[in-house]
Structures are given as C-alpha cells and as structure tokens.
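>>> I would like the atomic coordinates for the input below:
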Amino acid sequence: MPGRAPATLGGLLTLAWPIVVSRSSQVVVGISDAVMVAHLGEGALAATTAGALNAFALFILPMGIVFIVSSFSSQLLGKGDLAGARRYGYYGLAVAAATQVLGVLAIPVAAWAIGWLDYGPEVAGPMTGYLAMRLWSGGGAIGLEALGNYYGGLGNTRLPMRASVAAMATNVLLNWVLIDGHLGAPPMGVEGAALASVLSTSLAFLGLLGVFLADGRRTGPVLARLRGGEMLRMLRFGIPSGLNWFFEFLAYVFFVNVVVGGLGTTSLAALMAVLQLNSVSFMPAFGLASAGAILVGQSIGAGDRDGVPRIVRLTFAAAGSWQGLVGLAYLLVPGLLFAPFARDPASAEGLLAAGTRLLALSAAWQLFDAAVASLAESLRAAGDTAFTLWARVVVAWVLFVPGSWITVRVLDGGDVAAVSWLVLYLAALSLALLLRFRSGAWRRIELVEPSA
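The predicted structure follows:
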C-alpha cells in the first residue's frame, strides 16, 4: 500500500531520480529522431524537428492540464484516500481521450496551416506527412503523462520511468526499421520517424494502462463512482496549469523565430545549441522540483502545511546545488562543452566563438531556473495554479517579449542582449513566485474538496 515519502534529502532523491530518467529519455527520443533522419538531407531534418515542435505545441495544453493529477493524488494519499486519488487517474485519462479526438480532427487543419507558412517544398511536404502521422499519438502521449503523474503523486516514480524508458528504446528501434526500411519494412523517411513515435508512445501507454487497470481490480469498480464535480474541479485547477505551459511556450517560440531568428544563421544556431545543452542539464533540477512537489502535496494532504516551507527550502537547496555546478562548468569550460556542435569546418570557428560566449553567459540564469522550477512546482502542488499562470503571462508577454524584441531587433543588441533577456525573465519570474509563496496565499487554497 502506498505511503508518504519521508520529507528528507534521501526521500527527495529517491523520488527524483526516476523522474530525471523519465524526462531524459524524452530528450533522447527527440535527439534520436533528428540524428536518424539527418542523412536524408537538410529538408528532412528541418521537417522532422520543426514537425515535432509543432506537434508539441498542440499537445502542451492538455499535457499541462494532466500535470495537476499529481497534485490531487499526492494530497489524497496524504489524507489516506487512495480510492479518491485513483479517480483522478481516470479524469486524466478522460483528458487524454479528448486530446486523441481533437488531434485527429486537427490533421487537415495542420496541413492547411503549413501551406501558409514560409517553408520551402522540401520541408513543407515532409512536415505535412509527419504531422498527419504524429497527431495520432496525442492520446497516448497525454495518457502517459496522466498516469505518470497519478503514480508519481503516490510516490511511485519508478513505474512511469519504466514506461518512458521502454518508449525510448522502442522509438529508437522503430526509427531504424522504418526510416530507411530494415527487416523487410519499406523505407518511409520522415513519415517513418513519425510512425515510430506513434507506435512507441502508444505501446508504452497501453502497457502502463494495463498496470493501472490491473491495480484497480483490488479496489473494486471505480467507473461507477466517478463524479462530474471532481472532473470539473480538476479542470478548474488544471486548465490554468496547462495555459501556464502553453503561453510560456508561445513566448519561447516568438523569441526564437522572431527575436533571435533575425540575427543570422550563426547566432541562431549558437543560441539554439546553448538552449539544447541547457534543456539536458536542467533535467535533474526539474526532477528534484517535481519530487519536491510530491512531498508538498502529501504534506498538505496530511494537514501539515507548516512543514511545506522546509520542503521547498530543501528542494531549492538540492536543485540549486546542481544548477550551480552546471553554471560553474559553463563558466570554466564553455568551449569544451560547445565543441560537439561546431563540427562543420566551414563555420566551426565563428559558431564556436559565438556558442562559447553565449554558453558562458547562460551561467547567470542557472540559480534563477532552479528557483522557478522549485517554487512553481510547489505552488502547483498546493493548487495555486492561477497565480503561476498570470505571473508567467505578465512576465513573459509584458516584460520579456517586447523588451527582448526592442533591445535585440530595434536597438541591435545582438545575441548577448538576447541571452541577457533570458536571465532577466527568469530572475523576474523567480522573484514573483517567491513573493507569492512567502505571502502564504497557498495555505488558503483547498485543492481537494474538504469532504474528500
């Protein structure tokens, strides 16, 4: 029977490392798709990477919604209500089912939208085929997140990790089979990469769903006890969580395509490589923040709200220590870390110089990134999703987007100004979240119905 995890460094690390592995495996999937189609040419590479980005843009809202399942399951575990926690697993699956339907309906719309974008035929055609295939994976992708968050809230982070690792291994194998045509399969190119993602995601989801349903046999029928009011309650707190991720992602897309995209190929390539490195190095910090959120939810559910600040301090100390080491490495050996991205002799010197400079500058945002993750995840666990939504929207779209555009594009600030605005954005957001947490407003939020 699941029980509360200890609110200690050992308990935090025990919860965190499977989350780190799970999120890292998702990064490996994206990298393997790009690497395994790269030999087909620049058009295929661009179609696959941009297609994956566009698919993620369609999935990010429901993905953010089902993140709230962890908040409910952790608080209900703290209350000792495992049956109630399980119901929220089903509500997350309902969001996944709706995503599947909407994703399929969006296929012709996506094809129409690509026709309006300024892509060459060598990119637009393969990307259309990629999205037509990839959008079939929406239900499986969101279902994996929903059940992963349900089990994570119960403290079982290893089971979702196994599903993610299985999806990663299956995706790499199917890429090899389908992209170039091995083991008798026809070569499918870019569409093969999309089909590999659909099949690997669907198989991993079905496996985790099978475990979830088998677990339910021990608790008796649940479907008859599902409550419409609880589903609406999940959406009430989950939709702001989803919009939080959605609007921040839109700001990121605008920053990359409009602000940085006009600086030239070298600056764009250098900054994108720096952000790729940071996305990998950030995974342990995000895993620690997510584990801290589980401890926060369980503590609140058990009625120990006074123990939450200590958990948040512990989480930031761990995440900040890791990010501090990352920043130190970026300052001391930026050229060594960036060198794998500068292998083309024709552009290596300029790209390495720009990348080394930007990577060293990115050390300035590491502690702010750890603070944002720790505070935002903890507030989400407490149900304070509306404030985090508005904080991100205001800081991103009132400060970051116009400020970076004016500084970089109008005043010709260049790539250094672009990185400086990333630092300022994370610093301002971390301050807003810290002030919110210290205000204690989260203590008055009742995420779970008092009668639960």
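>>> Please make it C-alpha for all contacts and neighbour counts, starting now.
OK.
>>> ok, and the helix or strand in this structure with the lowest average confidence?
helix 265-281 (a mean of 75; mean pLDDT, DSSP states H and E).
>>> buried set for it?
Buried residues in helix 265-281, counted by 16 or more other C-alpha atoms under 10 Å: Thr266, Ser267, Leu268, Ala269, Ala270, Leu271, Ala273, Val274, Asn278, Ser281.
>>> Report the secondary structure state of Gln26.
helix (DSSP: H, G, I helix; E, B strand; the rest coil).
>>> pretty sure it contacts Ala163?
No - look at Gln26 against Ala163 with C-alpha atoms under 8 Å: they stay out of range, at 11.0 Å.
>>> Name the surrounding residues that touch the least confident helix or strand of the chain.
24, 27, 256, 260-261, 323, 326, 338, 341, 350-352, 354-355, 358-359, 362, 415 (C-alpha atoms under 8 Å, 6 or more residues apart in numbering).
>>> chain center to it: distance?
Here helix 265-281 is found 17 Å from its chain centre; the criterion is C-alpha atoms, centre = their mean, to the nearest Å.
>>> again with stretch 192-207
Its chain's average C-alpha position is 18 Å from that of stretch 192-207, according to C-alpha atoms, centre = their mean.
>>> circling back: just the buried ones among the contacts of helix 265-281, please.
Taking 16+ other C-alpha under 10 Å as the criterion, what is buried in these is 24, 27, 256, 260, 323, 326, 338, 341, 351-352, 354-355, 358-359, 362, 415.
>>> What about these, which are in helices?
Ser24, Val27, Gln323, Val326, Phe338, Leu351, Leu352, Ala354, Gly355, Leu358, Leu359, Asp415 (DSSP state H).
>>> gap between Ala196 and Val190?
As judged by C-alpha to C-alpha, to the nearest Å, Ala196 and Val190 stand 10 Å apart.
>>> Let me fix that, I meant to ask about Tyr90.
Tyr90 sits 34 Å away from Val190, taking C-alpha to C-alpha as the criterion.
>>> again, but for Val410
Distance of Val410 to Val190, given as C-alpha to C-alpha: 38 Å.
>>> more crowded one of Gln26 and Ala163?
Under the neighbour definition other C-alpha atoms under 10 Å, Gln26 and Ala163 were set side by side, and Ala163 has more, 20 against 15.
>>> and the more buried one, what does it touch?
Counting by C-alpha under 8 Å, 6+ apart, Ala163 touches Ala204, Phe205, Gly207, Leu208.
>>> for the helix or strand harbouring Val109, packing partners?
If you go by DSSP states H and E, Val109 is part of helix 107-116. Judged by 3 or more C-alpha pairs under 8 Å, 6 or more residues apart in numbering; DSSP states H and E, helix 107-116 is in contact with helix 121-134.
>>> let's see it at 10 Å
In terms of contacts (3 or more C-alpha pairs under 10 Å, 6 or more residues apart in numbering; DSSP states H and E), helix 107-116 is packed against helix 42-66, helix 121-134.
>>> Sketch out the low-pLDDT regions of the stretch 151-300 of the chain for me.
For the stretch 151-300 of the chain, applying pLDDT under 70 flags the ranges 218-224, 257, 261-262, 264-265, 268-269, 272.
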